[in-house]
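Engineer: Could you work out the structure for the sequence below:
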Amino acid sequence: MLLSDKVALITGAASGIGRATALLFAKEGAKVVAVDINEFSGRATVDAICEASGAATFAKVDVANEAQIDTAIQKAIDYYGRIDILHSNAAAYALGSAVEISEADWDYTLNVCLKASWRFARRVVPVMLANGGGTIVITASVQGMRGYSGHTAYQVAKGGLLSLTRSLAADFAPTIRVNAIVPGAVVTGLWDGISEAQREQISRMCPLQRNGTPEEIAQAALFLASEMSSYMTGSCLVVDGGLSSIIQPKWD
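Structural biologist: Below you'll find the model as predicted:
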């Protein structure tokens, strides 16, 4: 029970990495506040936790809306009295190069991926400081480290999250530890428009020759949220099957 008696607020908890993390954190003893704009799937996450004898509550939140973020944080405090862990994981995705993407899509992508993480941190950090400490885990991406055509706004947002991680870690150590997960190609709801053939092609870019699962990223989140990573802060933990580290030539 690595998170026994901890309270974890997880954004994007209705599906993908957020849902897998919520289920795992609850299994490890955390009380979970599942945050998502998708009420049906978000409540399904909470139901799954409760059916397994865990503790969880749902907060319907558009993370691009500052007032709703305040509501989610207050709900966590009202229900459980504290917040020990913040997993800032919600994401949005709009395709397009710098000259193709609309300003509306640019703004929404950065608001959901980057600005929301800052807004949550700005409000959760004082709560954690008052309680004597906490951990923040931010879901970034290898796209914040390497270029990938046609994904300008998403890459900018994810690169910003890596910088935000280091900045928060510097400002609030040693009381609060802040680290980022840097996933590679992980099959989540953001892949809904990607064909099976395209998914297979993406998997062949990776030295491990497969795409990752949300459950594998949740394990990394557990490591960073728990005392297993007690001597880590400001780190960006890459979990990408070797995608960003190894050149994988194809000779056939």
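
Engineer: Can you list the neighbours in contact with stretch 160-179?
Structural biologist: 110, 113-114, 117-118, 121, 125, 128-129, 132-141, 144-145, 180, 182, 224, 229-230, 232-237 (CB atoms under 8 Å, 6 or more residues apart in numbering). In this view, the C-beta of every residue, glycine as well, is placed from N, C-alpha and C.

Engineer: That stretch: how far from the chain's middle?
Structural biologist: Put simply, stretch 160-179 sits 15 Å off its chain's centre (CA atoms, centre = their mean, to the nearest Å).

Engineer: buried ones in the host helix or strand of residue 126?
Structural biologist: Residue 126 belongs to helix 116-131 when elements are defined using DSSP states H and E. With burial defined by 16 or more other CB atoms under 10 Å, the residues of helix 116-131 counted as buried are 116-117, 119-121, 123-125, 127-128.

Engineer: still on that earlier bit, write a PyMOL command that selects only the buried members of the contacts of stretch 160-179.
Structural biologist: Remark: buried members of the contacts of stretch 160-179, expressed as a PyMOL selection using 16+ other CB under 10 Å:
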select buried, resi 110+113+114+117+121+125+128+134+135+136+137+138+139+140+141+144+145+180+182+224+229+233+235+236+237
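
Engineer: Run a quick neighbour tally on the closest residue in space to residue 38 that isn't next to it in sequence.
Structural biologist: Nearest residue to residue 38 in three dimensions, chain neighbours excluded: residue 14, at 4.2 Å (CB to CB, 6 or more residues apart in numbering). Summarising burial for residue 14: neighbours were counted as other CB atoms under 10 Å, giving 25.

Engineer: Run through the residues that contact residue 14.
Structural biologist: For residue 14, the set of contacting residues under the criterion of CB under 8 Å, 6+ apart consists of 34, 36-38, 40-42, 44-45.

Engineer: give me the element it is part of.
Structural biologist: Secondary structure from DSSP H and E places residue 14 outside every helix and strand.

Engineer: now do the one 5 residues further on
Structural biologist: Assigning secondary structure by DSSP H and E places residue 19 in helix 16-27.

Engineer: Run the angle between the helix or strand immediately after that helix in the chain and helix 116-131 for me.
Structural biologist: Read in the C-terminal direction, the helix or strand following helix 16-27 is strand 31-36, with elements assigned using DSSP H and E. Angle, strand 31-36 to helix 116-131, by axes from the mean of the first three to the mean of the last three CA atoms, to 10 degrees: 160 degrees.

Engineer: quick one: contacts of the helix or strand following strand 31-36?
Structural biologist: Scanning the chain past strand 31-36 towards its C-terminal end, the next helix or strand to appear is helix 39-51 (assignment: DSSP H and E). Contact partners of helix 39-51, identified using CB under 8 Å, 6+ apart, comprise 13-15, 18-19, 22-23, 26, 32, 34-36, 55-58, 60.

Engineer: Please tell me how far helix 39-51 is from the chain's geometric centre.
Structural biologist: Going by CA atoms, centre = their mean, the spacing between the C-alpha centre of helix 39-51 and its chain's C-alpha centre is 18 Å.

Engineer: What of stretch 41-60?
Structural biologist: 18 Å.

Engineer: and what of stretch 233-246?
Structural biologist: Its chain's C-alpha centre and that of stretch 233-246 lie 15 Å apart, by CA atoms, centre = their mean.

Engineer: what about that stretch, start to end distance?
Structural biologist: Terminal residues of stretch 233-246 are spaced 25 Å apart (CA to CA, to the nearest Å).
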